[in-house]
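> When you get a sec, could you give me coordinates for this:
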Amino acid sequence: MHSDYDRRDSRDYSSNNRGGRDRDRGGDRGERGGRRGVPLAELDPALTGTSHKVIGCARDVHMALGPGFDRTVYLHAIIDEMRTQGIDFKPDHAFDVRFKDKVVGKCVADLFIADRFIVQIMSRPGEIGSYERAALRAQLRAADLELGLIINFAGRLLKDGLVRVLNPDKLAALRGENTDTGHDLDEADAYDPDAPN
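Numbers count the residues shown, from 1 in each chain. Prediction:
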């Protein structure tokens, strides 16, 4: 069973994409109070290059399996595909959660890719909501990482289930800015279909 992902031109922006292309390029977010997204160009090219390889693996899995399976099926399939592609990763990787310099718990990422970013795998109908974005952003803060991906295999088109989540504190620190950005900022962006796989 093949998905419609590769049957459509990746430049075809459906209404389900919700303007992700403009957000990734720093466009106005309109419904989110006019905050601007972070362009992919501002991230480390090696980081975005590896994330595109992971997205390519996810696309291959979705094309082969299509939607409808439990998330563990997709997790095992993408692990197998990333091994085939030579992508370095750690499954079920735990990070310490700190409060006032004390470890108060752990959070577990589905996939920790190349010691650089986190991937969460989902398989459930519907849009990726603010809770899933906030949970991944919390993991990014615990791990002190700038990028995370949520990949939801449940949709007919994989691109509608790809969301990039950023850690604004880490990005500000990398730019040498004040890192007190506030934990209520929504810096999650939809997948950029223009980006190379």
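
> Kindly list the longest helix within this structure.
Criterion DSSP state H: the longest helix present in the chain is helix 45-65.

> what mean pLDDT would you report for that helix?
Mean pLDDT, helix 45-65: 96.

> Show me what it is packed against.
Packed against helix 45-65 by the contact rule (3 or more Cβ pairs under 8 Å, 6 or more residues apart in numbering; DSSP states H and E) you find helix 71-85, strand 102-113, strand 117-122, strand 147-152, strand 162-166. C-beta coordinates here come from the backbone N, C-alpha and C atoms, glycine included.

> For this structure, which element, helix or strand, carries the lowest mean pLDDT?
Using mean pLDDT, DSSP states H and E, helix 20-24 stands out as the lowest-scoring helix or strand of the chain, at a mean of 36.

> will you turn the helices and strands packed on helix 45-65 into JSON lines that also has mean neighbour count and distance to residue 96?
Below are these laid out as JSON lines (neighbours: other Cβ atoms under 10 Å; distance: least, Cβ to Cβ, whole Å):
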{"stretch": "helix 71-85", "mean neighbour count": "17", "distance to residue 96": "23"}
{"stretch": "strand 102-113", "mean neighbour count": "16", "distance to residue 96": "5"}
{"stretch": "strand 117-122", "mean neighbour count": "23", "distance to residue 96": "14"}
{"stretch": "strand 147-152", "mean neighbour count": "24", "distance to residue 96": "17"}
{"stretch": "strand 162-166", "mean neighbour count": "25", "distance to residue 96": "20"}
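
> Out of those, which is closest to residue 55?
Residue 55 sits nearest to strand 162-166 of all the helices and strands packed on helix 45-65, at 6.5 Å, using Cβ to Cβ.

> Run me through the strand neighbours of that closest one, direction for each.
strand 147-152 (antiparallel), strand 189-190 (antiparallel) (DSSP bridges).

> list the helices and strands whichever helix or strand comes after it packs on?
Next helix or strand after strand 162-166 toward the C-terminus (DSSP states H and E): helix 168-174. Helices and strands touching helix 168-174, as assessed by 3+ Cβ pairs under 8 Å, 6+ apart, comprise helix 130-143.
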